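Engineer: The amino acid sequence is not available; the structure is as follows:
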């Protein structure tokens, strides 16, 4: 998974069931593009995710920009990148950077994840409005939101289910991403997306702990993500997402997928 708006879509998400192990001897790059639609099927955003994996390291980049009706509610652009290492085939972030322009207000989130498990994070400039406190004791063992979705994708790809809770810290927000099983579904083409086939649905709930505005909402609070087996390797790919966000309910559809010998164009 998974931009801060879907710090899960996003961006995250954002992501394969019964997939074969990825090649251990070669780097690979997976590129995904999603289109988001709000009320009455109006286009509200476009988001991209690029995942690069190597035997000992990984890198994930995500970007999002609201458009049309979405920009009326929140005019936002975001670019996030995490760089990490593989420890016993488990991704562990080393650095995370996120640049957000929200209604003309820019903020840079930065985290250095230290080897002892205690991250060093910052938000520049700090938020002007009151936010809930974050205690240092709440940070140990956290990861960034991009790595959180990678952990879920790996779990699904290796035959596991959706049940997973990941502690997240992005330099300002501390929350848990809680995933649970949403059942298996056969999807049909919808909203111009040509995908059809079996999927595994995962329910997502964000448990806010600290660093959030006291009197206004940010990002996606909950949603459902449908994953399908679309390429070889250790990534479950999200083909659709339904998210409850600060701009209302948003449906995201995978429009393009490229990597590992796959080149899909699911939307015109």
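Structural biologist: On my side now, so go ahead. This one's a predicted model, so the numbers in the text were calculated from it and none came from an experiment.
Engineer: Sticking with residue 154, tell me its helix or strand.
Structural biologist: helix 145-157 (DSSP states H and E).
Engineer: average pLDDT across that helix?
Structural biologist: Across helix 145-157, the average pLDDT comes to 95.
Engineer: Determine the set of other helices and strands touching it.
Structural biologist: On a contact count with 3 or more Cβ pairs under 8 Å, 6 or more residues apart in numbering; DSSP states H and E, helix 145-157 meets strand 57-66, strand 76-87, strand 90-102, strand 164-169, strand 174-187, strand 197-210. In this view, the C-beta of every residue, glycine as well, is placed from N, C-alpha and C.
Engineer: nearest to residue 143, of those?
Structural biologist: The closest of these to residue 143 is strand 90-102. By Cβ to Cβ, the value is 5.3 Å.
Engineer: neighbouring strands for that closest one, and are they parallel or not?
Structural biologist: Using DSSP bridges, strand 90-102 pairs in its sheet with strand 76-87 (antiparallel), strand 105-112 (antiparallel).
Engineer: Including mean pLDDT, mean neighbour count and distance to residue 167, could the ones you listed go into CSV?
Structural biologist: Formatted as CSV, the strands paired with strand 90-102 follow (pLDDT from 0 to 100; neighbours: other Cβ atoms under 10 Å; distance: least, Cβ to Cβ, whole Å):
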stretch, mean pLDDT, mean neighbour count, distance to residue 167
strand 76-87, 93, 19, 15
strand 105-112, 95, 16, 13
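Engineer: would you list the ones you listed in JSON lines and tack on distance to residue 232?
Structural biologist: Shown next, in JSON lines, are the strands paired with strand 90-102 (distance: least, Cβ to Cβ, whole Å):
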{"stretch": "strand 76-87", "distance to residue 232": "18"}
{"stretch": "strand 105-112", "distance to residue 232": "32"}
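Engineer: Pretty sure residue 231 sits against residue 258.
Structural biologist: No. Shown here, residue 231 and residue 258 do not form a contact pair, counting by Cβ atoms under 8 Å, at 9.3 Å.
Engineer: how big is the angle separating the helix holding residue 154 from strand 174-187?
Structural biologist: 40 degrees (axes from the mean of the first three to the mean of the last three Cα atoms, to 10 degrees).
Engineer: And the strands paired with strand 90-102: which comes nearest residue 153?
Structural biologist: Comparing the strands paired with strand 90-102 by Cβ to Cβ, strand 76-87 comes nearest, at 13.7 Å.
Engineer: who's in contact with the closest one?
Structural biologist: Surrounding strand 76-87, the residues in contact under the criterion Cβ atoms under 8 Å, 6 or more residues apart in numbering are 3-5, 54-66, 91-103, 113, 144-147.
Engineer: one more time with 6 Å
Structural biologist: 3-4, 56-66, 91-102, 144, 146-147 (Cβ atoms under 6 Å, 6 or more residues apart in numbering).
Engineer: filter those to the buried ones?
Structural biologist: Neighbour counting with 16 or more other Cβ atoms under 10 Å marks 3-4, 58-66, 91-94, 96-100, 102, 144, 146-147 as buried within the contacts of strand 76-87.
Engineer: Got the confidence number for residue 125?
Structural biologist: So residue 125 comes in at 95 (pLDDT).
Engineer: I'd like the distance from it to residue 172, if you could.
Structural biologist: From residue 125 across to residue 172, the span is 11 Å (Cβ to Cβ, to the nearest Å).
Engineer: Please say which of these two ends up with more neighbours.
Structural biologist: A count of neighbours by other Cβ atoms under 10 Å puts residue 172 above the other of residue 125 and residue 172, at 23 against 9.
Engineer: Low-confidence ranges, the stretch 151-268 of the chain, go.
Structural biologist: Within the stretch 151-268 of the chain, no stretch falls below the threshold (pLDDT under 70).
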